Each structure stands twice: as C-alpha cells, then as structure tokens.
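# Based on what follows, work out the 3D shape:
(2 chains)
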Amino acid sequence: MNEVSNSTHDSYSTTLLGFWVYLMTDCILFTTLFATYVVLHNNTYGGPSGRELFDLRFALTETFLLLVSSCTSGLAPLSLDKKALKKTFFWFGITFLFGAAFLVLELSEFTRFVEGGNGWTRSAFLSAFFTLVGTHGLHISIGLLWMIVLLVPVWKNGMTLLSCKRLHCFKLFWHFLDVVWIFIFTVVYLMGAF
Amino acid sequence: MDTNEPHYKVSVASCTVGFLVSVLLTAAAYFTVTEQLFAKKTTVIVIGIFAFLQAVAQLLFFLHLGQEGKPRWQTLTFFSMVTVLSILIIGSLWIMYNLNYRMMN
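Model prediction:
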C-alpha cells in the first residue's frame, strides 16, 4: 500500500517537473522573440512606429483582464473532495471569461492594424510585433481550448487524480503566460509609446 | 491515503497579495509613462524595474517558486533558464548594436 502511494506521489511531482521544464523552454522561445523585437523595433521602413499605432489605455485593459484571469485560476481548488467541485468550476469559469475577453481585445487590435494597412508585411518592426504578440495570443488560444478539454471530463465524471494533475499543469501554464505578458506590456507597449 | 490527495493548496492570501502587488506595479509603470515623470532614459529604467519586480512577485505568489521540498529541481531549472535567457538577450543586443554602429558610422 505504501509503495503504491509513493509511486502515485512520484508520478504527480514528476509530471509537474516535466511540465515546468517545458515552460522554461517556452520562456526561451519568447526570449528569442523579445530579442528580435528589441533589435528591429526602430526599423519601420517609412511605416508607422509604435507611438503612432499603440493605444496605451487599450493595452492596460488587456493587462488587467489577463491579470484577473491568472489570479482566479490560482484560486480554483483542485481536490478529490466533491464539495470543492462547484468552487473549482466557478473560478475556472471566471478564468475562462477573462482570458477570452483578453483574446477578443487582442484580435480586435490586430484587425485594426491590418485594416489600416499596417499588417505584418508593412515593416520589420511590425513583423517582429506580430510574431511576438501573436505567439503569446496563440498560447492563450490553446490555453483556453485546453481548459475546456480538461474540464469536460471533470464535469461528466467528477474529479480524478489525473484531472487534478492536468489542471495543476494548466494553472502553471496560465500563470506563466501572465508573466510573459508583463514584459510584452512593458517592452512593446510602454517603451514603444514615447 | 494522504499521499493520494493532490498536494496543491489554494492560498487565497498569497493570490490576493500577488494580485494587489501586480495591480500597483502595473498602474505605477503606466502612469510613469503617461504623466512623463522622468526623462526618456530614466523612464525606460524605471518601468524596467517595475516589470522585473512584478515578475518576481508573480513567480513567488502565483507560481510559488522556491517553495517546493528538496531537492529543488524546479528552482534549479528556473535559474538555468534565466542564465540562457540573459545570454540570449544581452548577447543579441550587444552584437546587433555593435554591428549597426560599425556599418552605419
């Protein structure tokens, strides 16, 4: 009995460590995109610079939406206890809504840029911008999809240890994306605005 | 039986503190830029520091970095990632600005 418990425990923390290592490599991916953006951000090729394009209040709204989403995902309890299940769905529901609102704002910003003739083909600055912010947006979209895929079986069959483990990984992923967004907000929007 | 329970404890206090610190630092960085409190170079440094502090706050209060039991594999992989990250950022900027300087002057 003791051995079985130990192996379950081990597999739980090993999975989390493995996922954590994935997050660290993902962070290096974002780092290379940040480095590219910082190198290219002045190469506007006669097109608009960040100062003309960015709307800081809009970016601030996005920042707070994602922050609330990250915080509420941290509040969702992961427990095999049935009484906790309502709370879990409540907090993940809020996480999903705020995450989706963030994504809608980001896509509307992209649409505004492209419709104004400032798509990713306009200049090196805009290519770097769309690659960096778009990669983050892609992570958010996949995260939202992942959340649904994880929560449907919990809704149907109740919480299992496996679901707990997967949702725990999801929480790490979601918090991590908010940390990346802090730097996008600062380096891209704030530093680009003056 | 205890080990079968997921060892993830929700800490409302830690989440609230992380959230409040993040809101304050985001607002501080935003107003530093919109109110133009400092000269351009100082502003870049100040909002850079705000971003760094907020990242540290979120790593501690949301991701609970460094609060695992020994051996601290997560913390170890985190800091090796930071090493790679620094080499990438500092190296790229150094090389590209140097190249730009030599080509344009």
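# Can you classify the spatially most central residue of chain B by secondary structure?
In chain B, the C-alpha nearest the mean C-alpha coordinate belongs to residue B:55, at 2.8 Å (CA atoms, centre = their mean). Secondary structure state of residue B:55, per DSSP: H, G, I helix; E, B strand; the rest coil, is helix.
# where's it relative to residue B:82, distance?
11 Å (CB to CB, to the nearest Å). The C-beta positions use only the backbone N, C-alpha and C, and glycine is treated the same way.
# Let me see the contact set for the residue nearest to residue A:103 when sequence neighbours are not counted.
Leaving aside its chain neighbours, residue A:103 sits nearest to residue A:140 (5.4 Å; criterion: CB to CB, 6 or more residues apart in numbering or on different chains). Listed by CB atoms under 8 Å, 6 or more residues apart in numbering or on different chains, the contact set of residue A:140 reads A:66, A:99, A:102-103, A:106, A:177.
# got any ranges where chain A has weak pLDDT?
Applying pLDDT under 70 to chain A picks out residues A:1-9.
# all strands of it, in order?
Under the criterion DSSP state E, strands are not mapped anywhere in chain A.
# Distance check, residue A:21 against residue A:37.
From residue A:21 to residue A:37 the distance is 25 Å (CB to CB).
# ok, those two, which is more surrounded?
residue A:37 (21 against 16; other CB atoms under 10 Å in any protein chain shown).
# Measure how buried the residue nearest to that one when sequence neighbours are not counted is and give me the count.
The shortest distance from residue A:37 to any non-neighbouring residue, by CB to CB, 6+ apart, is to residue A:128 (4.2 Å). Neighbours of residue A:128 under the rule other CB under 10 Å: 22.
# For residue A:128, give me its contacts.
Contacts for residue A:128 (CB under 8 Å, 6+ apart) come out as A:33, A:36-37, A:39-41.
# Buried only: go through the contacts of residue A:140 for me.
With burial judged by 16 or more other CB atoms under 10 Å in any protein chain shown, the buried subset of those is A:66, A:99, A:102-103, A:106, A:177.
# if you look at those, which of them are in helices?
Within the buried ones among the contacts of residue A:140, residues falling in helices by DSSP state H are A:66, A:99, A:102-103, A:106, A:177.
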